[in-house]
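Enquirer: have a look; sequence and predicted model below, questions after that.
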Amino acid sequence: MKHKRLVLAFSLLAAIGIIAFVVYEFSTAGKVTVRRVPSERYTGPQTVEALMAAFEEKYDRPHLAYLARLDEKYPRAEWLAMLLEKGVMFGDYGDYSLFMNSRGMLVNFEEKGDWVKGARGVPPTDDWKTFKAAYIDRMVWEHQQIYEARQIDPEVFGGLFTGPDKRTYLPGRPDRVYVERKGSATFFHGPPLTEKQQWGITLLGIHPKGYEIIYIDENGTILSKRPRPILLPR
């Protein structure tokens, strides 16, 4: 899910009596985003053998060079068996590729050593095994939230995890954008909008057609009342 914020710097142009705005774009910090690859629904057995038979050929194609490194550290069959034991349900190829690729995150964390600072809602620790176990459990928990949301709404493809402990889940859809305002700064969580659409929401409160716009606070709580657009009079 793409994150963007508009930081609107105001400068009064007295000579012509208008206000000009300068737009800057930054990545949003303090949020965890999960984006799946939508694909055909899988209805086969939830076993290592069946899952590998269904998805391995497709998963291998674009990743051959990269996967050898991951397979050495976390063999696929063992990785799948561990996830199934934890109760993970694989609903489609998107689930399979997401969990297989997550091995790369663990490899990178261990090699760089920055796991000690904590990540993805996992608190800091000085023990690698403790972090790894907590990180895997966190991934499983996130997947469960998305999986359950997809049973209610098949259009859900991922989502945003926010709040102080990043355990507030906001389901993502192709037509849904979460908007977080902080003064003149606006954060957009969801499918990418054009600059004109972003300005319309922030400055005038105009919602683009075809999108569900949901306003949230910094903790991910959905606001019952939309913030006042910047250019509308008080």
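Expert: Yes, it's here. All values derive from a computational prediction rather than experimental measurement.

Enquirer: please enumerate the strands of the protein.
Expert: 2-13, 18-26, 32-35, 158-162, 168-172, 176-182, 185-190, 212-216 (DSSP state E).

Enquirer: so for stretch 138-156, mean pLDDT?
Expert: Averaging pLDDT along stretch 138-156 gives 92.

Enquirer: so D126 versus G113, what's the distance?
Expert: Separation of D126 from G113 (CB to CB, to the nearest Å): 11 Å. For every residue, glycine as well, the C-beta is placed using N, CA and C.

Enquirer: return the set of buried residues in stretch 103-110.
Expert: Using 16 or more other CB atoms under 10 Å as the test for burial, stretch 103-110 gives 103-104, 106, 109.

Enquirer: for those residues, which two are the farthest from each other?
Expert: Pairwise distances across those (CB to CB) peak at 10.8 Å, for the pair R103 and F109.

Enquirer: and the lowest mean pLDDT element among the helices and strands of the chain?
Expert: Here the helix or strand of the chain ranked lowest by mean pLDDT, DSSP states H and E is strand 18-26, holding a mean of 29.

Enquirer: any chance of a markdown table for the buried residues of stretch 103-110, columns distance to D217?
Expert: As requested, those are exported to a markdown table (distance: CB to CB, whole Å):
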| residue | distance to D217 |
| --- | --- |
| R103 | 35 |
| G104 | 33 |
| L106 | 32 |
| F109 | 30 |
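
Enquirer: would you turn those into JSON lines with pLDDT?
Expert: Formatted as JSON lines, the buried residues of stretch 103-110 follow (pLDDT from 0 to 100):
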{"residue": "R103", "pLDDT": "94"}
{"residue": "G104", "pLDDT": "92"}
{"residue": "L106", "pLDDT": "95"}
{"residue": "F109", "pLDDT": "93"}
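
Enquirer: just checking, what's the longest helix in this structure?
Expert: Ranked by number of residues, the top helix in the chain under DSSP state H is helix 128-152.

Enquirer: packing partners for that one?
Expert: Packing partners of helix 128-152 (3 or more CB pairs under 8 Å, 6 or more residues apart in numbering; DSSP states H and E): strand 32-35, helix 93-112, strand 158-162, strand 168-172.

Enquirer: buried residues in that helix, which are they?
Expert: Under 16+ other CB under 10 Å, the buried positions of helix 128-152 are 131-132, 134-136, 138-139, 142-143, 145-146, 149-150.

Enquirer: which residues does it contact?
Expert: Contacts to helix 128-152, defined as CB atoms under 8 Å, 6 or more residues apart in numbering, come from residues 32, 34, 36, 82-83, 86-89, 91, 95, 98-99, 102, 105-106, 109-110, 115-116, 118-123, 125, 156, 158-159, 161, 169, 171.

Enquirer: show me the shaky parts of the chain.
Expert: For the chain, the stretches flagged by pLDDT under 70 are 1-38, 61-63, 232-234.
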